[in-house]
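*Asks:* Fold the following, please.
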Amino acid sequence: MTVAAVILSATAEGAVTDTLGQPRVRRLADLAWSGGALPVMVLAPDPGGRVAAALAGSEAVYGSPAPPEAGPVGQMLRGAELAIGEVRETTAVLLWPARMTWVGPETITSLIEAHGPDPATVLLPSWHGEPGWPVLVPLVHLAALRAIAPALMPLDVIHELVNAVPARVVEVGDPGVIHDADTVPEDLPSYEGPPEPAAAHTHEWGADVAAEAGLPEP
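*Replies:* Residues are numbered from 1 along each chain as shown. The predicted structure is shown next:
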């Protein structure tokens with residue numbers, strides 16, 4: 001199984017914001033790569049070339065985003081298409097809003113491992129039962145993703161998708177999946193790790209659960 005990381009930033013400024021001494025997307029690209037994601041795609045507006053420059057020397061590939069009218073789902077699809085262009089054997093993508101800066105590489109590894117025996121299921125990492133990001137989307141569900149309205153925000157895109165295709169929540173014990181860049185590192189809860197092997201079965205994400213549980217806004 002080959003799982004790509006698709007790191008998405010709505011602005012160049014957000015993409016290159018300093019995060020622990022690195023541009024944000026460079027930090028995320030390094031985390032994705034060390035966790036086993038391949039390829040690592042970064043999509044963001046880049047009129048001055050700062051985003052591409054921040055990625056120089058990394059394993060990440062910069063990709064120009066879809067037109068703004070394509071909406072958040074269009075950016076997700078664009079990232080998936082670019083990933084397939086880089087590695088034809090790609091079987092899934094990790095949709096990763098760049099604001100989710102504290103996700104650990106172990107979480108990426110756990111999601112990729114869970115994808116292996118469950119290749120057609122959308123996987124949502126969780127911290128203490130609260131689903132978060134990045135969301136692993138098998139490429140067999142690209143048609144369902146294309147059917148989602150471009151006006152929807154990322155959180156709503158995921159809700160629409162998981163109500164249309166098989167999906168489940170995977171507890172990863174990583175507070176970074178729900179705490180975004182607004183959380184300073186000193187306030188981040190400690191990483192705990194998954195309470196069970198990542199590939200083990202966890203509860204299904206059905207319509208009832210989707211109505212009750214929430215994801216953090218990217």
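*Asks:* what bits of this structure have low per-residue confidence?
*Replies:* For the chain, applying pLDDT under 70 flags the ranges 197-218.
*Asks:* What are the buried residues along the longest helix along the chain?
*Replies:* The residue-count maximum for a helix in the chain (DSSP state H) belongs to helix 71-86. Within helix 71-86, the residues that qualify as buried are 71-84, counting by 16 or more other CB atoms under 10 Å. The C-beta positions use only the backbone N, C-alpha and C, and glycine is treated the same way.
*Asks:* From the residues you listed, pick the one nearest Pro39.
*Replies:* Within the buried residues of helix 71-86, the smallest distance to Pro39 is 5.6 Å, found for Ala83 (CB to CB).
*Asks:* On the three-state scheme, the residue lying farthest from the centre of the chain is what?
*Replies:* Ranked by distance from the centre of the chain (CA atoms, centre = their mean), the top residue is Gly48, with 25.1 Å. Secondary structure assignment for Gly48 (DSSP: H, G, I helix; E, B strand; the rest coil): coil.
*Asks:* and the closest residue to it other than its chain neighbours, how far is that from Arg26?
*Replies:* Spatially, and ignoring its direct neighbours in sequence, Gly48 is nearest to Ala12 (6.9 Å; CB to CB, 6 or more residues apart in numbering). Going from Ala12 to Arg26 by CB to CB, to the nearest Å gives 13 Å.
*Asks:* which one of these two has more residues nearby?
*Replies:* Arg26 (22 against 19; other CB atoms under 10 Å).
*Asks:* Can you say which helix or strand has the more buried one in it?
*Replies:* Using DSSP states H and E, the element containing Arg26 is helix 24-35.
*Asks:* downstream neighbour of that helix in the secondary structure list?
*Replies:* Going down the chain from helix 24-35, the next helix or strand is strand 40-43, by DSSP H and E.
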